[in-house]
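Visitor: Turn this into a model:
(2 chains)
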2 protein chains.
Amino acid sequence: MGNALVTDFYELNMAASYLRHKMTGTATFSLFCRRLPDSRGFLVATGLEDSLRFLEDFAFDEADLEYLARIGFAEDDLRRFRSLRFTGDVWAVPEGTMVFADEPLLEVTSPIAEAQLVETYLLNQCTFQTAIATKAARCRIAAGGRIDIADFSIRRTHGVEAGNAVARLSAMCGFVGTSNVEAARRFDLRPSGTMAHSYVEAFDDELDAFVTFATDFPDQATLLVDTYDTMAGVAHAVTAIRALGLEDRAAVRLDSGDVANLARQTRQCLDAAGLDKVRIFVSGGLDEHDLARFIAEGVPIDAVGIGTRLGVSDDAPYLDTAYKLVEYAARPVVKLSAGKATLPGPKQVFRAPGMRDTIACRDESPPDRAVPLLELVMTDGKRVRDTPTLAAIRSHFESQLRDLPDEARSLVSPVVPVAAMSNTLRNLDDEVRRRYSLVGPAKQEG
Amino acid sequence: MGNALVTDFYELNMAASYLRHKMTGTATFSLFCRRLPDSRGFLVATGLEDSLRFLEDFAFDEADLEYLARIGFAEDDLRRFRSLRFTGDVWAVPEGTMVFADEPLLEVTSPIAEAQLVETYLLNQCTFQTAIATKAARCRIAAGGRIDIADFSIRRTHGVEAGNAVARLSAMCGFVGTSNVEAARRFDLRPSGTMAHSYVEAFDDELDAFVTFATDFPDQATLLVDTYDTMAGVAHAVTAIRALGLEDRAAVRLDSGDVANLARQTRQCLDAAGLDKVRIFVSGGLDEHDLARFIAEGVPIDAVGIGTRLGVSDDAPYLDTAYKLVEYAARPVVKLSAGKATLPGPKQVFRAPGMRDTIACRDESPPDRAVPLLELVMTDGKRVRDTPTLAAIRSHFESQLRDLPDEARSLVSPVVPVAAMSNTLRNLDDEVRRRYSLVGPAKQEG
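Guide: Got it, this is the predicted structure:
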């Protein structure tokens, strides 16, 4: 199966042109976020796993080439594309690592045509996955281990592929389950779910619906109490839970209205009935700010399903990412476009305690007490290590979260840590720009 | 291949419970949007084509059933799931139809377990596709046929599936091309693209890059002029275009800075050089508001690539859609939840000229001069007509656009037309609610 047509058209034109002119020099492209959305104090880097799989599988199949012939590519272009594979190296920060503006998530070094052709897919995956993981991390921060959070987003994500990614990314960031069954299977997650209003409505009365469902699924008896009158629903739930002896296992779910107030009334009602172990599950358009409010106000909510706002990262559905050429044929290059200038050369990010970062040239030595963030993850088109498990990524994420400065962690008006630039990188940047301005980009090697 | 696990976990629990209790009565579910985002004056209904394909293919395969056994479903549940297919009817508005709050995009009528199990996928597709198509339609309205618009979103969409959908939906709403090659192949669209900054940087100088590219692709010679100094880039483009005799075919592209101002300067420079047929192509974080401004201010821009903001519908990345049970076993049902109440029974929407709509019971006669929007598109699990071509959908969309009232069409603070409710529907709603309040939902059949 070819995957190479998952690309912007111009990548194909440029690659064909490079190959026609024997421009097979080694290029390094750097993928980074220029500026974080105002509401974000950090990003959780992800998308690497899918990117590596794409690079390993990168190829044009015969049907792809036939299509390219039809839209005008020459026979010689197709011959070159037919044998093309990704043969380069990839440096990347591990998934779950927190990064800030201008810090590479990933760098690709390969013959320029290859690195050019994979741009679109890598940008697509790293951008949307990082946007979603960051939203999930904010929910995890808000829940603070005091409210269980589950992914309920699949009905509102931008397609099924996105929904599956959201389930994986939210699990990576501390969610305890997902409603998405296909994703639960694929990533070995805990399937999570309750019942819908339609179930309650399909019965002649609410109590009958509750008793039937709780009899069928005694270990998953989360009874949805707000189809008609919420507190009457709670009373029916109490009756059903007692009748079936599910005092230790059952829960009730609130999905509409002033859920904070209803949760308090519900807790009172349950406790008064001796059902102090029955949990309260809440859903309905909630996000990290609702979670923070519930905790700040001591609202008795045990678990929350987060759907839409997580699934599309509604307040920051995209990131200002870029995949930029930084070196070609051993020549560091920059772009000078207004507001979109780039830094030259392959890079490393060194992180000192407290997430004090320095963006440096790749081959520099780390400053005192600092560790490099980017690792060599692929060489000659092959992965150099096993894929980390989701549990390992989650543990890495949690350790990152412990180091995150408070002002970056803030859910409201966060302050993004600003990485320093190493002297070596600054000198290289000055030098490249000086040469460009003196003699134009044409002669900067002179 | 099974597709039935693309679902929320609770659908499986509810379906298993219905089937255990021989609740095989016919249910009708209605899919609609409760409230439009503030920035939207209309919605362009889409997602039907993918929904129908899903329903036709609906099945659990053996691997699906093995997984369900592993997570606790009983052997009898699996036996019932194994033979389950979608055997119902679907009424829907054709893709490209404009709809407003509370108007069904689609209604499913089938044995309740089937209609319940397909909820998640139908909501997923109809929600995100309608959100994206609506954004595309706003761009089409802003461009007004005076600026060509192309889809450049694939690098920022939420995955590849989403990117392909965006290409199709934007074509449906008047875009003239897409940068997404896979989507261009799949939907027979015009691939559109220029060159990247990396291409220019890979050459020793900009003019050399332009001459090489324009020689290789004389019919697609859109030269990106802002890698270093924009007006110097325009001068290089002029030289290259003249040298190769591409005065009738070439274009230049601006991707950064104050593009309106730069476009004016570029136009002057091109015209002064006698290149009045060379077009100006602009990109870089643009949306419908930029298009409207360009046209209002007479900025000489011929074509625009719209990427990120279209691809995620950044200002309204989701819709408040619902898929609600409205009838079960010939009994109209409603939900009374605060802010989320539903109307009972299968429905029709009648549209009078000027998009004056009436939401009615399905079997009512249309008011004077009004036509029904929902059509029977699937019966007994089979489509009742051929899939409309993209050209036919586009033409339908354009005719809808001509009828859209000005206040709904407005890009800023639009006013959403409010559908009337037929007397018959109002009476039914009153009756169902009265019975619920008198004797509880249990006894509303009297």
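
Visitor: what about stretch A:82-101, near chain B?
Guide: No. Stretch A:82-101 does not reach chain B (Cβ under 8 Å from any Cβ of the partner chain); its nearest approach is 14.6 Å. C-beta here means a position set from N, CA and C on the backbone, and glycine is covered the same way.

Visitor: Now do the buried residues in that stretch.
Guide: Using 16 or more other Cβ atoms under 10 Å in any protein chain shown as the test for burial, stretch A:82-101 gives A:84, A:86, A:88-101.

Visitor: repeat for stretch A:371-379
Guide: Going by 16+ other Cβ under 10 Å, stretch A:371-379 has these buried residues: A:372-374, A:377-378.

Visitor: ok, back up a step: sort out for me which of the buried residues of stretch A:82-101 are in strands.
Guide: A:89-92, A:98-99 (DSSP state E).

Visitor: and which of those is nearest to residue B:249?
Guide: Comparing those against residue B:249 with Cβ to Cβ places residue A:90 closest, at 38.4 Å.

Visitor: In which helix or strand does the closest residue to that closest one other than its chain neighbours reside?
Guide: Of all residues not flanking residue A:90 in the chain, residue A:378 sits nearest, at 3.9 Å (Cβ to Cβ, 6 or more residues apart in numbering or on different chains). Here residue A:378 is covered by strand A:375-379, with elements defined by DSSP states H and E.

Visitor: How about the contacts made by residue A:419?
Guide: By Cβ atoms under 8 Å, 6 or more residues apart in numbering or on different chains, the residues touching residue A:419 are A:100-103, A:349, A:357-359.

Visitor: Turn those residues into TSV, columns for pLDDT.
Guide: Shown next, in TSV, are the contacts of residue A:419 (pLDDT from 0 to 100):
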residue	pLDDT
A:100	98
A:101	98
A:102	97
A:103	98
A:349	98
A:357	98
A:358	98
A:359	98
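
Visitor: Drop anything exposed from these.
Guide: By 16+ other Cβ under 10 Å, those give A:100-103, A:349, A:357-359 as buried.

Visitor: one step back: could you dump the ones in strands among the buried residues of stretch A:82-101 into CSV with pLDDT and distance to residue B:146 added?
Guide: Converted to CSV, these look like this (pLDDT from 0 to 100; distance: Cβ to Cβ, whole Å):
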residue, pLDDT, distance to residue B:146
A:89, 98, 47
A:90, 98, 44
A:91, 98, 46
A:92, 98, 44
A:98, 98, 45
A:99, 98, 42
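
Visitor: strands paired with the strand holding residue A:378, and their directions?
Guide: Applying DSSP bridges to the sheet, strand A:375-379 is found paired with strand A:89-92 (antiparallel), strand A:382-383 (antiparallel).

Visitor: Give the rounded mean pLDDT of that strand.
Guide: Here strand A:375-379 scores 98 as its mean pLDDT.

Visitor: Report the distance from that strand to the chain centre.
Guide: Strand A:375-379 has its C-alpha centroid displaced from the chain centroid by 20 Å (Cα atoms, centre = their mean, to the nearest Å).

Visitor: got it, and stretch A:101-110?
Guide: Put simply, stretch A:101-110 sits 16 Å off its chain's centre (Cα atoms, centre = their mean).

Visitor: Let's see that stretch as CSV, backbone CA atoms only.
Guide: The C-alpha trace of stretch A:101-110 is given here as CSV (Å, rounded to 0.1, in the frame of the first residue of the first chain):
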residue,chain,number,x,y,z
ALA,A,101,7.9,27.8,21.5
ASP,A,102,10.6,27.3,18.9
GLU,A,103,11.8,24.0,20.5
PRO,A,104,12.0,21.2,17.9
LEU,A,105,9.6,18.3,18.5
LEU,A,106,11.3,16.5,15.7
GLU,A,107,14.1,16.9,13.1
VAL,A,108,14.4,14.9,9.9
THR,A,109,17.7,14.5,8.1
SER,A,110,17.7,12.8,4.7
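
Visitor: what's near enough to touch the nearest residue to residue A:255 once chain neighbours are set aside?
Guide: Among residues not flanking residue A:255 along the chain, residue A:284 sits closest, at 4.6 Å (Cβ to Cβ, 6+ apart). For residue A:284, the contact set (Cβ under 8 Å, 6+ apart) comprises A:254-256, A:259.

Visitor: and these, which of them are in helices?
Guide: Residues of these located in helices (DSSP state H): residue A:259.

Visitor: With respect to chain B, which of the contacts of residue A:284 is nearest?
Guide: residue A:256 (3.9 Å; Cβ to the nearest Cβ).

Visitor: Who are the contact partners of the closest residue to the closest one other than its chain neighbours?
Guide: Nearest residue to residue A:256, sequence neighbours excluded (Cβ to Cβ, 6+ apart): residue B:337, at 3.9 Å. Contacts for residue B:337 (Cβ under 8 Å, 6+ apart) come out as A:197, A:226-228, A:230, A:255-257.

Visitor: Just the buried ones from those?
Guide: A:197, A:226-228, A:230, A:255-256.

Visitor: Out of these, flag the one nearest to chain B.
Guide: residue A:256 (3.9 Å).

Visitor: in terms of contact, does the closest one touch residue B:341 like I think?
Guide: No. Contact criterion Cβ atoms under 8 Å: residue A:256 and residue B:341 do not qualify, at 9.4 Å.

Visitor: Buried ones in stretch A:219-227, by neighbour count?
Guide: By 16+ other Cβ under 10 Å, the buried positions in stretch A:219-227 come out as A:220-227.

Visitor: Stretch A:258-277 now?
Guide: Buried residues in stretch A:258-277, counted by 16+ other Cβ under 10 Å: A:259-260, A:262-264, A:266-267, A:269-270, A:273, A:275.
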